[in-house]
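S.K.: For reference, the sequence and a predicted model appear below.
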Amino acid sequence: MRSILVFDTTLHDGEKAPGTILTVPEKFRIAKALERLRVDVLEAGFPAASEEQFQIVERVAREVREVRVAALARATHPKDFEVAWEALRAAEQPRLHTFVPISPYYRSHFLNKDIDALVELAGAAVSLAAGHTSDVEFSLVDALRADPDEVARVAEAAIQAGARTINIADTVGYATPREITALFEHLQNRVASFDKALFSIHCHNDLGLAVANSLAAVGAGAGQVHCTVNGIGERAGNAALEEIVVALAARGTHYQAETGVQLKHICPASRLVRRLTGNTLQPNKPVVGSNAFLFDPLVPQLADAVGPPPYRFIEPKELGCDEDGDALAAAASLDQFSERAAELGYPLDQTGLEAGYQRFLELAEERELVADSDLELLLNDHVDPNLGRYRLRYLNVSAGSIAVPNATVQLEVDGVNLQDAGFGRGPVDAAFKTIFKMVNRSPKLVRYEVSAVTAGTEAQGEVCVRLEDQGCMVQGRAVDTDVVLASAKALVDGLNKLEYMQGRRPVSEFTDEDGWLPEL
Ligand code: MN
């Protein structure tokens, strides 16, 4: 069996999924979940791109010790390597990742260099990176639409300069499995130093082939796959981590390959990424969709059968799927609470654990299930009590067949209790307008979504709001059996994040003049 390295880029390429907004603390929690999952390489960001990306890479490098941590740098910008290394240097196993566009389309459009100049650029960039760390990954952007001989030439130059990993990117999601196989075979024959590096694949899902293409590369000798949790990413997304890992677990004999990913943490990681990014899953999504393991219990042969149905080759339990979904049973033990806190990206010490469990038990007295969003609130309080300026203290709304729905709100602002009332076109509108008035700001409500977290008549409603203000977009979430109350809590959560994000605006994002380079 060959060991295939799983290179996760949920925090970088995944975050480019349209409308995805993650704060530094949220990214850090996902990084902790990825560490539990035991991915091999965790790409934390692009430190030269913004202050925020620098911060997350630095924090992951310091506090996520069990996996290799990677950071990006543009081949064309020597300063990028210094900034990336500054963020990365504290890591147990730091990896610098640099890239150049290789297809004629990308090269002429973005770089305007001929192949000789590109070979030189690749070698120079890798040498620069290798001056900081021996673990250098070099990516060829849009390599599946490039001349295979040119791909081989640039790869050879990168290996000669010290790259240990050569990553082939199907940046636009255009390739087919057969083309991937052909390119890998070509490289094996044409790159003299092929055996001195590990070859890797990075696929996009524009034709629905990202996972198939990644597995074709594994079959053709790739030793590493780039992927994201739930397959999130630009446009149609990236190759889905869970699908690749489960395919290699279920069909390991066929592929003669395996990964070190811990299957039992797959569903928890998927749930966390789904909730924090707001990228919902189609029900028929393989492995982690809500229908992925359902079968019709009315089929007569199944209704009478004693054993499990014959369709399944892997049990949802092995993947850590939990019948209660995004909630923890009120009867959960201290151990189960601790486990869930860790799954949510809050590994607690003994003191934090006991305090958190006490607060969980108080919440659990009122209900059968405690939603993850509520757990986050109490864990967040414990971990960072200063995260939010606003706190909802009280809400009363009158609505129904009355003339004008109205809301009375008590809100704590910077530790001071304020009270106000207002009207609206419905209970949610009345509550939102009153809160906007009290915090004296009126962001645009871009999205408002309610969904049921649990089943039954006492179902908990989860509300997700997306707010936009002065070019900054955030997402607020909350859960309650009362959807109006959940809506107000979600709004307050969103307002707190807006304050947080606007307090930490990126210092600079790349512009054309700065020499923006298309990523993989
Ligand atoms: Mn990509």
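M.R.: Cool, the structure landed. Numbers count the residues shown, from 1 in each chain.
S.K.: contacts, neighbours, all on C-alpha from now
M.R.: Noted.
S.K.: any idea whether the residue sitting furthest away from the middle of the chain is helix, strand or coil?
M.R.: Most distant from the centre of the chain: Ala403, at 45.1 Å, with distances by C-alpha atoms, centre = their mean. Look at Ala403: counting by DSSP: H, G, I helix; E, B strand; the rest coil, its state is coil.
S.K.: got the contact list for it?
M.R.: Residues touching Ala403, when contacts are defined by C-alpha atoms under 8 Å, 6 or more residues apart in numbering, are absent altogether.
S.K.: Mind doing that once more with 10 Å?
M.R.: Applying C-alpha atoms under 10 Å, 6 or more residues apart in numbering, we find Ala403 in contact with Arg425.
S.K.: same thing with the one 3 residues further on?
M.R.: Applying C-alpha under 10 Å, 6+ apart, one finds that Asn406 lies in contact with 396-399, 421-431, 433-434.
S.K.: Against Val446, how distant is the nearest residue to it once chain neighbours are set aside?
M.R.: Across the structure, with C-alpha to C-alpha, 6 or more residues apart in numbering as the measure, the residue nearest Asn406 apart from its sequence neighbours is Phe423 (4.3 Å). Distance, Phe423 to Val446, by C-alpha to C-alpha, to the nearest Å: 21 Å.
S.K.: Counting neighbours, go ahead and name the busier of these two.
M.R.: Between Phe423 and Val446, counted using other C-alpha atoms under 10 Å, Phe423 has the larger neighbour count: 20 against 12.
S.K.: Show the backbone phi and psi for the more buried one.
M.R.: phi -110, psi 170 (degrees, to the nearest 10).
S.K.: isn't it right up against Val409?
M.R.: No. The pair Phe423 and Val409 fails to qualify as a contact (C-alpha atoms under 10 Å) at a distance of 11.4 Å.
S.K.: Packing partners of the top helix by length along the chain?
M.R.: Assignment by DSSP state H gives helix 483-503 as the longest helix of the chain. Under the contact definition 3 or more C-alpha pairs under 10 Å, 6 or more residues apart in numbering; DSSP states H and E, helix 483-503 sits against strand 390-398, helix 427-439, strand 444-452, strand 461-469, strand 472-480.
S.K.: Those: lowest mean pLDDT?
M.R.: Least confidently modelled of the helices and strands packed on helix 483-503 is strand 472-480, at a mean of 83 by mean pLDDT.
S.K.: which of the residues in that one are buried?
M.R.: Under the neighbour-count criterion of 16 or more other C-alpha atoms under 10 Å, strand 472-480 has Met473, Val474, Gln475, Gly476, Arg477, Ala478, Val479, Asp480 buried.
S.K.: In TSV: those, plus distance to Gly325.
M.R.: Conversion of the buried residues of strand 472-480 to TSV gives the following (distance: C-alpha to C-alpha, whole Å):
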residue	distance to Gly325
Met473	27
Val474	24
Gln475	21
Gly476	20
Arg477	16
Ala478	16
Val479	14
Asp480	15
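S.K.: Doesn't Phe199 lie inside a strand?
M.R.: Yes. Counting by three-state DSSP, Phe199 falls inside a strand.
S.K.: Was I right to think it contacts Asn167?
M.R.: Yes. Contact between Phe199 and Asn167 holds when scored by C-alpha under 10 Å: they sit 5.8 Å apart.
S.K.: Got the domain ranges for the protein?
M.R.: Structural domains assigned to the chain are 2-277, 323-383, 390-501, following automatic domain parsing.
S.K.: Quick check: which of those is nearest to Gly515?
M.R.: Using C-alpha to C-alpha as the measure, domain 2-277 is the one of these that comes nearest Gly515, at 7.9 Å.
S.K.: Tell me the spacing between Ile314 and Tyr255.
M.R.: Taking C-alpha to C-alpha, one finds Ile314 at 17 Å from Tyr255.
S.K.: neighbour count winner among these two?
M.R.: Applying other C-alpha under 10 Å to Ile314 and Tyr255 shows that Tyr255 carries more neighbours, namely 18 against 13.
S.K.: returning to that earlier point: let me know the closest of the buried residues of strand 472-480 to Leu392.
M.R.: Out of the buried residues of strand 472-480, the member with the shortest distance to Leu392 (by C-alpha to C-alpha) is Ala478, at 11.7 Å.
S.K.: just for the stretch 101-250 of the chain, where's the confidence low?
M.R.: Scanning the stretch 101-250 of the chain for pLDDT under 70 picks out no residues.
S.K.: where do the strands sit along it?
M.R.: Assigned strands in the stretch 101-250 of the chain, in chain order: 136-141, 165-170, 198-203, 224-227 (criterion: DSSP state E, counting those that start in this stretch).
S.K.: Listing partners with orientation, what would you give for the second one?
M.R.: Here strand 165-170 is paired, per DSSP bridges, with strand 136-141 (parallel), strand 198-203 (parallel).
S.K.: ok so, going back, can you check which of the strands of the stretch 101-250 of the chain gets nearest to Leu22?
M.R.: Between Leu22 and the strands of the stretch 101-250 of the chain, the tightest spacing by C-alpha to C-alpha is seen for strand 224-227, at 18.2 Å.
S.K.: same for that closest one, what does it pack against?
M.R.: With contacts defined as 3+ C-alpha pairs under 10 Å, 6+ apart, the packing partners of strand 224-227 are strand 5-8, strand 41-45, strand 165-170, strand 198-203, helix 210-219, helix 241-250.
S.K.: Looking at the helices and strands packed on helix 483-503, which one is packed in the most?
M.R.: With neighbours taken as mean count of other C-alpha atoms under 10 Å, the helices and strands packed on helix 483-503 reach their highest mean count in strand 472-480, at a mean of 24.
S.K.: could you check the angle helix 483-503 makes with it?
M.R.: An angle of 150 degrees separates the directions of strand 472-480 and helix 483-503 when computed by axes from the mean of the first three to the mean of the last three C-alpha atoms, to 10 degrees.
S.K.: which secondary structure elements does strand 472-480 contact?
M.R.: Counting by 3+ C-alpha pairs under 10 Å, 6+ apart, strand 472-480 packs on helix 266-277, strand 369-371, helix 372-383, strand 444-452, strand 461-469, helix 483-503.
S.K.: ok and the first one relative to helix 372-383, angle-wise?
M.R.: Between the axis of helix 266-277 and that of helix 372-383 there is an angle of 80 degrees, by the same axes, to 10 degrees.
S.K.: Pull out the buried residues from helix 266-277.
M.R.: Residues of helix 266-277 classed as buried: Ile266, Cys267, Pro268, Ala269, Ser270, Arg271, Leu272, Val273, Arg274, Leu276, Thr277 (neighbour count, 16+ other C-alpha under 10 Å).
S.K.: Max pairwise distance over those residues: which two?
M.R.: Pairwise over those, using C-alpha to C-alpha, the maximum falls at Ile266 and Thr277, 16.3 Å.
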